[in-house]
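Enquirer: return a 3D structure for these sequence lines:
(2 chains)
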Number of protein chains: 2
Amino acid sequence: MTQMGAQGFSRRALLGGAGAGLAVGAIGGAVGGRAAASPGPAAAPGTGAAAVPFHGPRQAGIVEPAQARVHLAAFDLAPAAGREQLRTLLRIWSATAARLTRGEPADGHENQIALDAGPCSLTVTFGFGATLFDKAGLADRRPEALAPLPAFPGDALDPARGDGDLWLQIGADDALVAFHALRVLQRQAAGLAVPRWQMAGFGRTPGATARPTTGRNLMGQVDGTNNPKPDDPDFAAKVFATGPAWLAGGSYAVVRRIRMLLDDWENQPTDRQERVIGRRKSDGAPLSGGPGAGETTPVDLAATGPDGTLAIAPDAHVRVAAPASNGGAAMLRRGFSYQDGLLADGSPDAGLLFVAFQADPARGFVPVQRRLARGDGLSRFLRHEASGLYAVPPGAPEGGYVGQQLLEG
Amino acid sequence: MTQMGAQGFSRRALLGGAGAGLAVGAIGGAVGGRAAASPGPAAAPGTGAAAVPFHGPRQAGIVEPAQARVHLAAFDLAPAAGREQLRTLLRIWSATAARLTRGEPADGHENQIALDAGPCSLTVTFGFGATLFDKAGLADRRPEALAPLPAFPGDALDPARGDGDLWLQIGADDALVAFHALRVLQRQAAGLAVPRWQMAGFGRTPGATARPTTGRNLMGQVDGTNNPKPDDPDFAAKVFATGPAWLAGGSYAVVRRIRMLLDDWENQPTDRQERVIGRRKSDGAPLSGGPGAGETTPVDLAATGPDGTLAIAPDAHVRVAAPASNGGAAMLRRGFSYQDGLLADGSPDAGLLFVAFQADPARGFVPVQRRLARGDGLSRFLRHEASGLYAVPPGAPEGGYVGQQLLEG
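Expert: Next up, the predicted model:
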């Protein structure tokens, strides 16, 4: 089973209205250690061969399913760098991302480490932090929506692992392909931008599950059921920004490193975990749905049980996070799990690399998190340890680069 | 393509002489959120369904190909625990590992996080550190070969991330399946053993490469070409211990966390990297082989180039590491890459989780590493940061547990 075949939509289908066609290139992998650079005989779609086009009206890595491996990385402009250096960097990065996502060598020589594989659904997504605009002489083009996120109750944020002038989300279904892209892009930034922080996470491996499923997080809960769907009539209004002009068709990404207190969580009996979430653990069905419910049964926040109490508790996560509880606020979550060993106290350094795309943080993450931080029963088991907010420009056409509208518009 | 189909041998074929049969169970994933616990209609082999039997004369996770995800973990016996507690723990752990590797729930309830997937080639391998034996009242059964490894030039070892009474290697082709196994086994150790250190790493995703290939490390080099092959006549003599009696058919595992100085490495031109290794980067062919050579062309340490100098440099890694340079010393390497973000100086915290199995460390890792640490051109780009040595008992039969010969023999 291919990763794309297991999903409900493909980038090409979404972006171009080209039906259900899959954006799978003809690259079947390697012969003699080098992937074919141009389309050849049709190859069977597979994990290695699956390719997501870099060019298009939207950046890749927003609506595509989360891959098996992700690197999140932030860079700051080099001390002497300004607008010209930023443009140089974005041109180089876009050209390289386009080549790598086609399964081609990064820069025309042998110094690459993913030679044997196809692109493995590689996507590279670029974002701009609020601090970029002053440094690049673009203060007048900084969107108001990029103002710093408010502090939330319970936040325990490490500034060294948050924010940053530039943000990259690099996902692929093979960890070496993703790592290779990270290293190439980092090397190309030399003299223009310096690494600020990096995190790595994971999703499901293609073919691990026998049927398409919503992901599970490290708590074991089905996570993402109520995510906006690309065929929802208001999907674009929720996810894609309409302005300022250079950002139209782009988005805002909120990134949070959310550690899970798994020792505490796993000590709760399953029925207690289910009440905290508001969904059954086995299949994600809402507790309001009765025994016949399934994952996609709509959540009924008003339903009561035989004893007259709410089927979904007042502080259940699905209630507090529901758009109906937040003036319709919604966002497209695209999170990954992480596990980085043990902390000094022996507890697991593990949880969720939360990534969410939205048209406007003030109508997405901010109102939802404000309610969650105060009223969500789940928040007792979570620690927000790092945070970032980035403007994600629209995609680049062939020959263009991401951010061109900002720098040349 | 299935992971097992892409490999040259299967556990069952190796252990039982059962031909080329693949040890793939009938578990096709989940229906209604729960994997079938008993064999049903035959399912197509796939990444999720692939199962490696836990029971057998050898432990799983030694000769099997490295999976897409690994957790290495060490535990120390709880302060009040002794031989009886160790036996209790090993019985529980073996029973759980057997269930999980069949794709069954860990302990009969819903509190598991990998419900939707099959076993994904999960293996759990147990080892015993030298410190275990005194604590468990088994000092007279500690093998001499488990004496501490000597210090090697250049070692920069962190004791907190090395050694340990008990060692686990948990590999699976899906990261959530591997993580779930780690958490279940850790929870079951409560009161019996406490976590000491944990590391996570990765191999290739099944299907990422179009044909079976030797792995590449984060330096981009093909790594593992000269590994002993299970059908080599002396394979067992190199890899499996013959004594003491309780360990006969087991092995010794050396574990090293080896950070790669990738910023330095990637600044070397490809031909320089190739001279350091002694192999071409593109395909792993030895530099002694000429233009027509391939990865499996035998290394000719005596070959000279047109100018009369050695084709493979005196300090090339393949020369210094070759069995011919080390009195025939050999081991079965089963390493994984790791990437844990950035160090404080901005350099990558990334490299190799080196795992090697051998009949006797004194005829495996020790002589090879002694030469590498002094004479290997590659060692300038490596830092050994953590180290462990473990006796890996033979496998358990149905109804038995790993370590039974030690505790009851």
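Enquirer: helices along the stretch 251-400 of chain A, start to end?
Expert: Counting by DSSP state H, counting those that start in this stretch, the stretch 251-400 of chain A has helices at residues A:262-266, A:270-277, A:317-321, A:365-375.
Enquirer: ranking those by burial, who's on top?
Expert: Highest mean neighbour count among those (mean count of other CB atoms under 10 Å in any protein chain shown): helix A:317-321, with a mean of 23. Heads up, the C-betas are built off the backbone N, CA and C, glycines and all.
Enquirer: and the contacts of that helix?
Expert: A:226, A:276-279, A:286, A:299, A:301, A:312-313, A:325, A:368, A:371-372, A:375-378 (CB atoms under 8 Å, 6 or more residues apart in numbering or on different chains).
Enquirer: ok, now with 6 Å
Expert: A:I277, A:G278, A:V299, A:L301, A:I312, A:V368, A:R371, A:L372, A:G375, A:D376, A:L378 (CB atoms under 6 Å, 6 or more residues apart in numbering or on different chains).
Enquirer: neighbours of the last one, how many?
Expert: Meaning A:L378. Neighbour count of A:L378, defined by other CB atoms under 10 Å in any protein chain shown: 21.
Enquirer: distance to B:G118 and mean pLDDT added to the helices of the stretch 251-400 of chain A, as a markdown table?
Expert: Converted to a markdown table, the helices of the stretch 251-400 of chain A look like this (distance: least, CB to CB, whole Å; pLDDT from 0 to 100):
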| stretch | distance to B:G118 | mean pLDDT |
| --- | --- | --- |
| helix A:262-266 | 23 | 95 |
| helix A:270-277 | 22 | 95 |
| helix A:317-321 | 28 | 95 |
| helix A:365-375 | 34 | 95 |
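Enquirer: leaving aside the residues next to it on the chain, what's closest to A:G154?
Expert: Distances taken as CB to CB, 6 or more residues apart in numbering or on different chains place A:A373 nearest to A:G154, at 5.3 Å, with adjacent residues excluded.
Enquirer: which residues sit in contact with the residue of the stretch 301-409 of chain A found nearest chain B?
Expert: Nearest to chain B in the stretch 301-409 of chain A, going by CB to the nearest CB, is A:G341, at a distance of 4.5 Å. Listed by CB under 6 Å, 6+ apart, the contact set of A:G341 reads A:D349, B:Q198, B:M199.
Enquirer: how far away is the second one from A:F179?
Expert: Same thing as B:Q198. Distance of B:Q198 to A:F179, computed by CB to CB, to the nearest Å: 20 Å.
Enquirer: repeat that for the last one.
Expert: Using CB to CB, B:M199 is found at 16 Å from A:F179.
Enquirer: okay, those two: which has more neighbours?
Expert: For the pair B:M199 and A:F179, the greater number of neighbours falls to A:F179 (25 against 21), based on other CB under 10 Å.
Enquirer: what is the burial count for the nearest residue in space to the more buried one that is not next to it in sequence?
Expert: In space, A:F179 comes closest to B:Q339 once its chain neighbours are excluded; the distance is 5.8 Å by CB to CB, 6+ apart. Residues lying near B:Q339 (other CB under 10 Å) number 25.
Enquirer: so B:Q339 touches B:D349, yeah?
Expert: No: checked against CB atoms under 6 Å, the pair B:Q339 and B:D349 is beyond contact range at 7.3 Å.
Enquirer: tabulate the helices of the stretch 251-400 of chain A (TSV), appending distance to A:V184.
Expert: Shown next, in TSV, are these (distance: least, CB to CB, whole Å):
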stretch	distance to A:V184
helix A:262-266	34
helix A:270-277	40
helix A:317-321	37
helix A:365-375	31
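Enquirer: got the residues of the stretch 151-300 of chain A near chain B?
Expert: Proximity of the stretch 151-300 of chain A to chain B (CB under 6 Å from any CB of the partner chain) is limited to residues A:173-175, A:179, A:187, A:195, A:198-200, A:202, A:205, A:207-210, A:213, A:216, A:220, A:266, A:270, A:281-283.
Enquirer: make a ChimeraX selection of whichever of the residues you listed turn out to be buried.
Expert: Buried residues within these, by 16 or more other CB atoms under 10 Å in any protein chain shown, are selected in ChimeraX with:
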select /A:173,174,175,179,187,195,198,199,200,202,205,207,208,209,210,213,216,220,266,281,282,283
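Enquirer: quick check: closest non-adjacent residue to the spatially most central residue of chain A.
Expert: Residue closest to the mean C-alpha point of chain A, counted by CA atoms, centre = their mean, is A:R334 at 3.7 Å. Nearest non-adjacent residue to A:R334, counting by CB to CB, 6+ apart: A:V355, 4.8 Å away.
Enquirer: gap between that neighbour and A:R204?
Expert: In terms of CB to CB, A:V355 sits 16 Å off from A:R204.
Enquirer: ok, now A:A160?
Expert: Counting by CB to CB - A:A160 and A:R204 are separated by 30 Å.
Enquirer: these two - which one has more neighbours?
Expert: Neighbour tally, A:A160 and A:R204, criterion other CB under 10 Å: the higher count belongs to A:R204, 28 against 11.
Enquirer: now do the SS call for that one.
Expert: coil (DSSP: H, G, I helix; E, B strand; the rest coil).
Enquirer: same deal with A:W167?
Expert: Taking three-state DSSP, the label given to A:W167 is strand.
Enquirer: many thanks, we can stop here.
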